[in-house]
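# return a 3D structure for these sequence lines:
(one chain, ligands or ions: 1)
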Amino acid sequence: MAAAAISFIVWWFFGKHTTAAVTADMVTTDKQDVDVAVNGGYSPSTVVLKRGVPAQITFNRKDPSSCLEQVVFPDFGINEFLPKNENHAIDIDTSKSGEYDYACGMNMFHGKVIIK
Ligand SMILES: [Cu+2]
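As a prediction, this is how the structure comes out:
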């Protein structure tokens, strides 16, 4: 019992519990879009965008907490309010490949955009 609890704790702290990254859908050949649900965090937490194709991430916030009502992409100078239960699309500049983190207004919940 104790051993199981310890192995769970070890897994929780040190395991790689990454969720699968989701690749944006190509709406047309020159537009891509991916949906991210905001509910106790970002789901999926990692999205993959194709470099050079105009992209939107459409957030839909279900979470009532004021914590998640703001989303901040420091690399892109984006700081937007997410209305509750509404789709809110944010344009992402995909001109440079890389990994870009974003977070809620208080930097407690994190997501990532990978451009490649
Ligand atoms: Cu927060």
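
# every contact and neighbour count from this point should use C-alpha atoms.
Will do.

# quick check: mean pLDDT of stretch 31-47?
Taken as a whole, stretch 31-47 carries a mean pLDDT of 95.

# residues touching it, excluding its own?
19-27, 49, 53-63, 68, 109-114 (C-alpha atoms under 8 Å, 6 or more residues apart in numbering).

# can you tell me which of those are buried?
Among the contacts of stretch 31-47, those classed as buried by neighbour count (16 or more other C-alpha atoms under 10 Å) are 22-24, 26, 49, 53-63, 68, 109, 111-114.

# restricted to strands, list those.
Using DSSP state E, the subset of the buried ones among the contacts of stretch 31-47 located in strands is 22-23, 26, 49, 55-61, 111-114.

# next one: V22 relative to the ion, how far apart?
23 Å (C-alpha to the ion, to the nearest Å).

# cool, and F59?
Counting by C-alpha to the ion, the gap from F59 to the ion is 15 Å.

# pretty sure that residue contacts H88?
Yes - the pair F59 / H88 is scored as a contact, 5.1 Å apart, by C-alpha atoms under 8 Å.

# residues from this structure in reach of the ion?
Of all the residues in the chain, those in contact range of the ion (C-alpha under 5 Å from the ion) are 67, 104, 106, 108.

# ok, now with 6 Å
Residues of the chain lying near the ion by C-alpha under 6 Å from the ion: 67-68, 104-109.

# could I get those residues as JSON lines with pLDDT?
Shown next, in JSON lines, are the residues of the chain next to the ion (pLDDT from 0 to 100):
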{"residue": "C67", "pLDDT": "90"}
{"residue": "L68", "pLDDT": "96"}
{"residue": "C104", "pLDDT": "96"}
{"residue": "G105", "pLDDT": "93"}
{"residue": "M106", "pLDDT": "92"}
{"residue": "N107", "pLDDT": "94"}
{"residue": "M108", "pLDDT": "93"}
{"residue": "F109", "pLDDT": "95"}
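
# just the buried ones from those?
67-68, 104-105, 109.

# out of these, which is nearest to the ion?
Distance to the ion across those (C-alpha to the ion) is lowest for C67, with 3.6 Å.
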